[in-house]
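[1] with the sequence up front, the predicted model follows.
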Amino acid sequence: TDYIDTIREEFGLNERIRYSGSCIIDVMINRYNKQCKEAGVTFEVEACCSKLDFMADNDIIALLGNLFDNSLEAAKGTKEKKVVFAAYIRNDDYIHIEMKNSCDNPPRTIAGKLITSKLFNRNNHGIGTESIKRVVNKYNGDFTWEYNKESKIFTAAVFVQERVTTNEHSNLR
């Protein structure tokens with residue numbers, strides 16, 4: 001009972017809000033909403049579709065978990081302290097996921113590749129972004145990011161395709 005109560009508390013299941021109708025997505029949003037509150041970061045959900053059910057659960061968790069982790073970590077060290085999540089359906093079979101966060105300084109890059117700002121465990125840096133790319137590639141998608149110097153907002157955008165074409169499906173067998 002204590003273990004279950006700890007999990008319910010950690011994931012915010014006692015105060016759960018339905019955002020999308022998908023259990024996994026909603027649990028993740030609620031968990032990060034709670035973590036943002038604890039860190040003093042404003043968290044907003046602009047829109048949220050539940051059409052990620054074509055993805056394996058572990059892929060949803062890897063994708064959203066890394067997007068949320070990166071955004072929250074970056075926002076903690078900023079003046080405005082804000083994270084905004086949105087997931088939209090585009091052209092009936094593309095899902096557009098967008099994560100925005102306050103970011104007082106431009107991200108560090110080498111040859112257009114994001115470089116971690118984490119000071120600890122440098123041997124594992126970049127694993128989160130690589131996990132995002134792995135999931136995105138698996139679902140015929142695209143991962144982009146941009147930094148707006150004027151608004152000091154970092155945006156990570158993911159597009160994944162719901163349907164797999166016949167040729168791609170036969171290659172998966």
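    Received the coordinates, thanks. Residues are numbered from 1 along each chain as shown.

[2] just after the longest helix along the chain, pick out the following helix or strand.
    Counting by DSSP state H, the longest helix found in the chain is helix 57-76. Next helix or strand after helix 57-76 toward the C-terminus (DSSP states H and E): strand 82-90.

[3] the next helix or strand after that following strand versus helix 57-76: what angle between them?
    In the C-terminal direction, the helix or strand that comes right after strand 82-90 (DSSP H and E) is strand 94-102. The directions of strand 94-102 and helix 57-76 differ by 20 degrees, with axes from the mean of the first three to the mean of the last three C-alpha atoms, to 10 degrees as the criterion.

[4] centre of the chain to strand 94-102, how far?
    7 Å (C-alpha atoms, centre = their mean, to the nearest Å).

[5] list the helices and strands that strand packs on?
    helix 57-76, strand 82-90, strand 153-161 (3 or more C-beta pairs under 8 Å, 6 or more residues apart in numbering; DSSP states H and E). Every residue, glycine included, has its C-beta placed from N, CA and C.

[6] quick one: closest of the ones you listed to residue 109.
    Of all the helices and strands packed on strand 94-102, strand 153-161 sits nearest to residue 109, with 11.7 Å by C-beta to C-beta.

[7] give me the angle between that closest one and strand 82-90.
    Using the same axes, to 10 degrees: strand 153-161 against strand 82-90 is 30 degrees.

[8] what helices and strands are in contact with strand 153-161?
    helix 57-76, strand 94-102, helix 127-138, strand 142-148.

[9] please identify the deepest-packed of the ones you listed.
    Stretch with highest mean neighbour count among the helices and strands packed on strand 153-161: strand 94-102 (a mean of 21; mean count of other C-beta atoms under 10 Å).

[10] that older thread, looking at the helices and strands packed on strand 153-161, spot the one closest to residue 159.
    Nearest to residue 159, of those and by C-beta to C-beta, is strand 142-148 at 4.7 Å.

[11] which secondary structure elements does the strand or helix carrying residue 46 contact?
    If you go by DSSP H and E, residue 46 is part of strand 42-48. Packed against strand 42-48, as judged by 3+ C-beta pairs under 8 Å, 6+ apart, are the following elements: helix 23-39, strand 82-90.

[12] hey, C-alpha coordinates of that strand in CSV?
    The C-alpha trace of strand 42-48 is given here as CSV (Å, rounded to 0.1, in the frame of the first residue of the first chain):
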residue,chain,number,x,y,z
THR,A,42,4.7,27.7,-15.1
PHE,A,43,3.3,24.8,-17.1
GLU,A,44,0.7,25.2,-19.8
VAL,A,45,-1.0,22.7,-22.2
GLU,A,46,-2.2,24.6,-25.3
ALA,A,47,-3.8,21.6,-27.1
CYS,A,48,-3.6,17.9,-26.7
